[in-house]
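Engineer: when you get a sec, could you give me coordinates for this:
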Amino acid sequence: MFWRKKTENEIRQRQLQEASRKEIERGGIPLIAQERLKKHVESGSKFFTSDLSTREFLLAKDRKLEPIGQVMGTSFYNVNLFASMFRMRLATGEMKAYSDAMLNARKLAVSRLMEEARLLGASGVIGVKIQAGRRPWSSSLHEFTAVGTAVRIPGWKHEPFACDLSGQEFWQLYSAGFRPVNLAFGICSYYMYVDWTTQRQMYAWLTGSARQNQEIKLFTEGVYTARNLAMDRLEKDCRFTNADGVVGVEVDYDFERVELNSDNSQAWDMIVHFKVLGTAIIEDPELVHNAIPKPTFCINLKNQKLASPKGSRFNELNSRVMENMPGELAQSEFYKQLLEENE
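Structural biologist: Residues are numbered from 1 along each chain as shown. Okay, the predicted model is just below:
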């Protein structure tokens with residue numbers, strides 16, 4: 001059998017794919033992305049793309065932030081839920097392997113975003129948005145994508161940062177003498193085995209206590225435990241960078257009901273996935289001089305023209321209420337009094 005000889009271009013493409021795969025395996029970004037970013041820097045072009053709104057862009061410019069370009073990091077992760085469940089069956093506790101996989105996938109996406117920012121010579125990335133979810137063609141395949149705007153800050157002497165603060169929030173924080181250091185994550189997937197006691201609480205109408213209004217302690221305790229473990233991991237991220245605290249913390253959790261193979265239709269367990277995300281910040285004494293003066297509130301007590309005219313209240317009331325007012329009410333004393341006040 002005769003095989004077609006590969007062309008030089010095909011060989012080069014194959015080598016490029018292999019090299020890119022090795023970069024991804026070490027947690028980096030593909031070579032084609034690196035080449036694009038390097039060409040942008042070498043060109044010296046001032047052109048940029050960003051997901052900042054017009055107001056965010058102007059406020060960022062007010063703090064001397066120079067947008068460089070939009071950066072992205074992504075990771076597709078195969079998370080085997082069923083393998084973790086098999087180990088947890090007949091027991092309540094954290095699905096540690098599943099939690100670690102979800103956390104690593106997010107960190108890989110953010111680390112690739114930061115690598116793009118470093119190639120652009122950025123001081124940091126603001127307005128990071130993270131999209132996470134499953135794809136319909138595979139229940140075990142999870143996608144994590146982080147997108148933000150890389151910016152350059154004059155006189156920046158620290159490591160590049162990533163934050164999910166908007167342009168306005170970053171402007172306020174930076175003006176008050178604080179700077180972001182990194183995105184902090186915390187994740188926990190917790191398996192709750194519905195034992196016989198819990199089943200009696202929920203379903204046993206004759207021999208159990210299902211007729212009573214009562215707390216299902218297994219689920220309450222499970223959510224609290226998952227939350228504590230997730231917050232511990234968030235705080236660990238902060239301690240690693242010596243951060244003073246976390247702002248803009250977002251808490252998200254969802255439940256997954258696990259149907260068991262049993263003749264009893266009430267045989268099922270529960271999993272709670274608890275996720276927290278925020279921006280770790282630190283107070284920087286060197287930024288105090290950037291603080292903007294607070295506005296002074298003044299009231300002119302002499303100029304009577306500053307007072308709102310009487311007619312404005314009546315016109316607003318007429319446009320919003322009077323159109324649908326019943327005839328009887330329109331002839332009421334209240335309506336007549338309003339007419340007299342505005343004559």
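
Engineer: where in the protein is pLDDT low?
Structural biologist: Along the chain, the model assigns pLDDT under 70 to residues 1-4, 81-90, 137-138, 204-211, 261-266, 288-343.

Engineer: Asp164 and Glu221: what is the separation?
Structural biologist: For Asp164, the distance to Glu221 equals 30 Å [C-beta to C-beta, to the nearest Å]. (Each C-beta comes from the backbone N, C-alpha and C, glycine too.)

Engineer: which one of the two is surrounded by more residues?
Structural biologist: Asp164 (22 against 14; other C-beta atoms under 10 Å).

Engineer: isn't the more buried one up against Phe185?
Structural biologist: No. Applying C-beta atoms under 8 Å as the test, Asp164 and Phe185 come out as separate, 11.0 Å apart.

Engineer: spit out the residues that contact the two alike.
Structural biologist: Taking C-beta atoms under 8 Å, 6 or more residues apart in numbering as the contact rule, Asp164 and Phe185 both touch Leu277.

Engineer: give me the phi and psi for Glu215.
Structural biologist: Backbone torsions of Glu215, given as degrees, to the nearest 10, read phi -80, psi 140.

Engineer: that one: neighbour count?
Structural biologist: Look at Glu215: counted by other C-beta under 10 Å, it has 9 neighbours.

Engineer: next one: Glu35
Structural biologist: For Glu35, using other C-beta under 10 Å, the count is 12.

Engineer: need the contact list for the spatially closest residue to Ser53 that is not a sequence neighbour.
Structural biologist: Of all residues not flanking Ser53 in the chain, Gly167 sits nearest, at 7.1 Å (C-beta to C-beta, 6 or more residues apart in numbering). Residues in contact with Gly167 (C-beta under 8 Å, 6+ apart) are Leu52, Ser53, Arg55, Glu56, Phe57, Leu59, Ala60, Ile126, Gly127.

Engineer: among those residues, name the buried ones.
Structural biologist: Among the contacts of Gly167, those scoring as buried are Leu52, Glu56, Phe57, Leu59, Ala60, Ile126, Gly127 (criterion: 16 or more other C-beta atoms under 10 Å).

Engineer: which residues lie in contact with Pro67 in this structure?
Structural biologist: Pro67 makes contact with Phe48, Ser50, Leu52, Phe57, Ala60, Thr149, Ala150, Val151, according to C-beta under 8 Å, 6+ apart.

Engineer: please repeat the previous calculation with a cut-off of 7 Å.
Structural biologist: By C-beta atoms under 7 Å, 6 or more residues apart in numbering, the contact list for Pro67 reads Phe48, Ser50, Leu52, Phe57, Ala60, Thr149, Val151.

Engineer: try Lys217
Structural biologist: Applying C-beta under 7 Å, 6+ apart to Lys217 gives no contacts.

Engineer: go on, the one 10 residues further on?
Structural biologist: With contact taken as C-beta under 7 Å, 6+ apart, Arg227 is in contact with Phe274.

Engineer: could you measure from it over to Gly167?
Structural biologist: To Gly167, Arg227 is 31 Å away according to C-beta to C-beta.

Engineer: and this structure, what are its domains?
Structural biologist: As assigned by automatic domain parsing, the chain contains the domains 48-290, 304-341.

Engineer: tell me the helices and strands packed up against the host helix or strand of Gly248.
Structural biologist: Per DSSP states H and E, Gly248 falls inside strand 245-259. Contact here means 3 or more C-beta pairs under 7 Å, 6 or more residues apart in numbering; DSSP states H and E; on that basis strand 245-259 packs against strand 268-283.

Engineer: mind listing what's buried in the strand it packs on?
Structural biologist: Neighbour counts over strand 268-283 (16+ other C-beta under 10 Å) mark 269-282 as buried.

Engineer: counting by contacts, list what the host helix or strand of Leu59 packs against.
Structural biologist: Counting by DSSP H and E, the element that carries Leu59 is helix 54-62. Packing contacts for helix 54-62, counted by 3+ C-beta pairs under 7 Å, 6+ apart, involve helix 167-175.

Engineer: count of neighbours near Asn228?
Structural biologist: Other residues lying near Asn228 total 12 when counted by other C-beta under 10 Å.

Engineer: confirm it sits in a helix?
Structural biologist: Yes. Asn228: assigned to a helix according to DSSP: H, G, I helix; E, B strand; the rest coil.

Engineer: distance of it relative to Phe47?
Structural biologist: Remark: distance between Asn228 and Phe47 (C-beta to C-beta) = 47 Å.

Engineer: in helices, which of the contacts of Pro67 fall?
Structural biologist: Among the contacts of Pro67, the ones falling in helices (DSSP state H) are Phe57, Ala60.

Engineer: mind picking the two most distant members of the contacts of Pro67?
Structural biologist: Spanning the widest gap among these are Phe48 and Ala60, at 11.3 Å by C-beta to C-beta.

Engineer: for Leu234, grab the count of nearby residues.
Structural biologist: 20.

Engineer: I should have written Val125 there, sorry.
Structural biologist: Per other C-beta under 10 Å, the neighbour tally for Val125 reads 29.

Engineer: contacts for the helix or strand hosting it, please.
Structural biologist: According to DSSP H and E, Val125 maps onto strand 124-135. The contact list for strand 124-135 (C-beta under 7 Å, 6+ apart) reads 51-52, 71, 106, 113, 117, 141-151, 160-167, 170, 180, 183, 277.
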